[in-house]
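K.L.:
here is the input, now give the coordinates:
(2 chains)
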Number of protein chains: 2
Amino acid sequence: MSRHLQRDLDQLKKDILLLGSMVEKSINNAVLAFHDRRPELCEVVFSDELLINDKEVEIEQECLKILALHQPVAVDLRFIVVVLKVNNDLERIGDFAVNIAKRAIYLSSKSPIACPKDFSHGMFQRIQTMVRGSLDALVKLDVEFARNVIAMDNEVDRVNRQMYVELQALMMEDPSTVDRAIGLLSTSRYLERIADLATNIAEEVIFMVEGEVVRHKEEV
Amino acid sequence: MSRHLQRDLDQLKKDILLLGSMVEKSINNAVLAFHDRRPELCEVVFSDELLINDKEVEIEQECLKILALHQPVAVDLRFIVVVLKVNNDLERIGDFAVNIAKRAIYLSSKSPIACPKDFSHGMFQRIQTMVRGSLDALVKLDVEFARNVIAMDNEVDRVNRQMYVELQALMMEDPSTVDRAIGLLSTSRYLERIADLATNIAEEVIFMVEGEVVRHKEEV
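P.N.:
The predicted structure follows:
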């Protein structure tokens, strides 16, 4: 591999990690806004979203430039294609952080309803660990990290399903909670989608390292 | 451009169109299963999903092969990167068709509730037109087609928001409808997400043809 290609790939790694940390910050702010009822944090999420979008466009341009200039093959080519997909996934995670923030504004303007215990305790931390873990797996090409992320997704799915069960029961018992319960369900679903995207990233890493397509194995 | 590259790009176009028609078929079956309460159609959606997943993996491999073999530049390189992203989007649309089918099975096992009028009349046809239009735009590189798709997305968003308003009112008035109303809301949201992905595809086409990044312009 040429020295110039190596330098450009190193820069690309730094940039995708930077985008990852921007997205992590947005998730944290959105979750804090929701959990601590601090709608003022949402403004930060909204303005950071613009920076995330710009960074996504910049990284895509960088990938195109590397492909055109260096015409990489084999493992380098595969890495760039994975970065293109991860770039897309991270930008979508940023969109979900914005959606959570919008719900947080609405919910903090209303009196709170009982939130299922598993949700606030386990879910937030698990999501953050998954996003961080998927990015670590990507830059270190670490398959073990990636498998840990994938293993965590089942528990997130379980909590999300449990939210549906408990909040449907609440709405039927006390119809005045419907709007807030729907808001909570949406928040839960956005978090579950973030976990899915982190899982996507982890699966891409495994594909890149082992050439094994993991991503459609559990879907039947 | 070499004759071999041209031949491989033509094949790639055919394959992405084929994947598109597989995904269209799944949307149609899922929507029919929902609308006509025909859960037996869902089995087709579930088995077609496996074929869609295989096709997505095949197209990605094809893109990698073309990049490695022909090392295309400029407009050809950009086309392949767009196909990689569209490939991903189509597979996600297939996932949403599966989600709609799962809801259709549940909903058709229960007695029906009143469905907001706009939903069944306008929404389904609009979604199908958008998916078809985005693929036409891609293979013909037709920016007008692409702009038409983008213009239709606002109306889908409006109907989806209206669903939330009407179904929340229904749940508060008659709490026994909660489970079915939640099922309808999910179906509406999946359709809205399909429309978003068709819009993504259309935006990618405009980016490819005009070099203009449309996709983050309307999000503030």
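
K.L.:
what is the orientation angle of the host helix or strand of A:Leu90 with helix B:74-108?
P.N.:
If you go by DSSP states H and E, A:Leu90 is part of helix A:74-108. Relative orientation of helix A:74-108 versus helix B:74-108 (axes from the mean of the first three to the mean of the last three Cα atoms, to 10 degrees): 50 degrees.

K.L.:
elements contacting helix A:74-108?
P.N.:
Other helices and strands packing on helix A:74-108, by 3 or more Cβ pairs under 8 Å, 6 or more residues apart in numbering or on different chains; DSSP states H and E, are helix A:3-35, helix A:40-70, helix A:124-140, helix A:178-210, helix B:40-70, helix B:74-108. C-beta here means a position set from N, CA and C on the backbone, and glycine is covered the same way.

K.L.:
and the nearest residue to A:Leu185 once chain neighbours are set aside, what's its pLDDT?
P.N.:
Spatial nearest neighbour of A:Leu185, excluding adjacent residues (Cβ to Cβ, 6 or more residues apart in numbering or on different chains): A:Leu167 at 5.6 Å. Turning to A:Leu167, the model gives it a pLDDT of 95.

K.L.:
poorly predicted segments of chain A, please.
P.N.:
For chain A, the stretches flagged by pLDDT under 70 are A:1, A:212-213, A:215-220.

K.L.:
can you list the buried residues in the helix holding A:Leu90?
P.N.:
A:76-105, A:107-108 (16 or more other Cβ atoms under 10 Å in any protein chain shown).

K.L.:
what's the offset of that helix from the middle of its chain?
P.N.:
5 Å (Cα atoms, centre = their mean, to the nearest Å).

K.L.:
so it versus helix A:40-70, what angle?
P.N.:
Here the directions of helix A:74-108 and helix A:40-70 differ by 170 degrees (the same axes, to 10 degrees).

K.L.:
the strand or helix carrying the residue nearest to A:Leu185 - contacts with which helices or strands?
P.N.:
Using DSSP H and E, the element containing A:Leu167 is helix A:143-173. Packing contacts for helix A:143-173, counted by 3+ Cβ pairs under 8 Å, 6+ apart, involve helix A:124-140, helix A:178-210, helix B:178-210.

K.L.:
pretty sure A:Gly183 contacts A:Leu107?
P.N.:
Yes: with contact defined as Cβ atoms under 8 Å, A:Gly183 counts as touching A:Leu107 (4.9 Å).

K.L.:
quick one: residues in contact with stretch A:48-64.
P.N.:
With contact meaning Cβ atoms under 8 Å, 6 or more residues apart in numbering or on different chains, stretch A:48-64 is reached by A:8, A:11-12, A:15-16, A:18-19, A:22-23, A:25-26, A:29, A:80, A:83-84, A:87-88, A:90-91, A:94-95, A:97-98, B:77-78, B:81, B:213, B:216, B:219-220.
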